[in-house]
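> The sequence and its predicted three-dimensional model are supplied below.
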Amino acid sequence: MTDFVKTRIAVRTGIITLDRPRTLNSLSLDMIRALTDALLAWQDDAAIDAVVLRSSTDKALCAGGDIRYFYDVGTLPTTGGSASLEDFFTEEYRLNHLIHFYPKTYIALMDGVVMGGGLGVSEAHRERGLRVVTDGSKLAMPEVNIGLFPDVGGSYFLSHAPGRLGYYLALTGLTVRAADALYCGLADTFVTQATMPALLELIERTPGAQLREAVAAFAAPLRSTAGVAPLADQRAAIDRHFSLPTIEAIMASLEKDDSEPMQKALAAMRKRSPLLLKVTLELLNRGATLDLADCLRMERILVRRNFEHGEVLEGIRALVIDKDNAPRWNPPTLDAVSDAMVAQFFASPWPARAHPLRDLGV
């Protein structure tokens, strides 16, 4: 195991602890490989009935992929980034698929920041998984902030969220708290941070085969304390605006809505890459008709195209490297983004037989 991924076994439960607190547990390639190795080993281990994913800090379960690493390797003088960057996304998406279809109970303790790749390692299948949020949880798919798009299966789970909530989250990149996460279907149950020590003690002493039910029972009395979801009050407006067929139409509709939440959404979208806004809308529309494996295959194509174009590198430069918060998007305006530009992002650089995720779900 990498130093940042700790594993141990307690009462037939495999416990994985992410321990890279200085980066809010941002995922490296080594961490992805360590997670995959542990899950594959426990998948066929008759002595393991459940897996718990947690963090060593209450500040974050996982803030996503290590975007500074993306920049460092993505700016190397090679087409589409280095081999390690290619491996990162191929192996991360395989891990996302493994978690979603994991054959044993999989419980993610989504305390603190859970964004991007953090959601990717938490979104287990609902029949076997349990996603626990707290009053300290901050969830988002903020990829559009850096000129990327909601990946790690986001094209699947966001496009299948109730109404147009997933479109709203994807196109604005805004952060939601526990009540909204539950309302959007990104989490299953709620506990308070104050009760986390007791929950962890429960996990330590409960046999893995009984763990999902035990955690759900522990959390049930606390559900009402998560509060009312603000997005529930905004749902009608979100569905109305974000059901429109183009980014231009969505933003024009938002301009006519003077409510504070919708003006916040519009302000967020105005900061995003015009090209990636349109790519993300197309991604969600396509993802709504695909299964998870095909969504991940589609996202893998888009990742390659995005790094070839360079929009994500410019976004990371502005946010993390130079920190000027003044990205020079290419093209700079929505009207300069053609349908052909968007279509190029979905054009596979590989024949079907050579796609790096060709055997996913087969």
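Structure's in. What do you need?

> pLDDT on the stretch of helix or strand Val73 belongs to, on average?
Using DSSP states H and E, Val73 maps to helix 67-74. Mean pLDDT, helix 67-74: 90.

> Next: stretch 180-190.
Rounded mean pLDDT across stretch 180-190 is 97.

> CA atoms of it as CSV?
This file holds the C-alpha atoms of stretch 180-190, laid out as CSV (Å, rounded to 0.1, in the frame of the first residue of the first chain):
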residue,chain,number,x,y,z
ASP,A,180,-29.0,18.7,-0.7
ALA,A,181,-26.8,15.7,-1.3
LEU,A,182,-29.5,13.4,0.1
TYR,A,183,-32.1,15.2,-2.0
CYS,A,184,-30.1,14.9,-5.2
GLY,A,185,-29.5,11.2,-4.6
LEU,A,186,-25.7,11.6,-4.1
ALA,A,187,-26.0,10.2,-0.5
ASP,A,188,-28.1,7.7,1.3
THR,A,189,-28.1,8.6,5.0
PHE,A,190,-26.9,11.2,7.5
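
> can you give me the offset of that stretch from its chain's centre?
Centre-to-centre, stretch 180-190 and its host chain are 14 Å apart (C-alpha atoms, centre = their mean, to the nearest Å).

> circling back to that earlier point, which other helices and strands contact the helix holding Val73?
helix 83-100, helix 311-316 (3 or more C-beta pairs under 8 Å, 6 or more residues apart in numbering; DSSP states H and E). The way it works is simple: take the backbone N, C-alpha and C, and place the C-beta from them, glycine included.

> how about the ones you listed in JSON lines, adding mean pLDDT, mean neighbour count and distance to Gly153?
Shown next, in JSON lines, are the helices and strands packed on helix 67-74 (pLDDT from 0 to 100; neighbours: other C-beta atoms under 10 Å; distance: least, C-beta to C-beta, whole Å):
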{"stretch": "helix 83-100", "mean pLDDT": "95", "mean neighbour count": "20", "distance to Gly153": "5"}
{"stretch": "helix 311-316", "mean pLDDT": "96", "mean neighbour count": "23", "distance to Gly153": "18"}
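
> Now distance to Ala354 too, for these, in TSV please.
Output for the helices and strands packed on helix 67-74, formatted as TSV (distance: least, C-beta to C-beta, whole Å):
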stretch	distance to Ala354
helix 83-100	12
helix 311-316	23
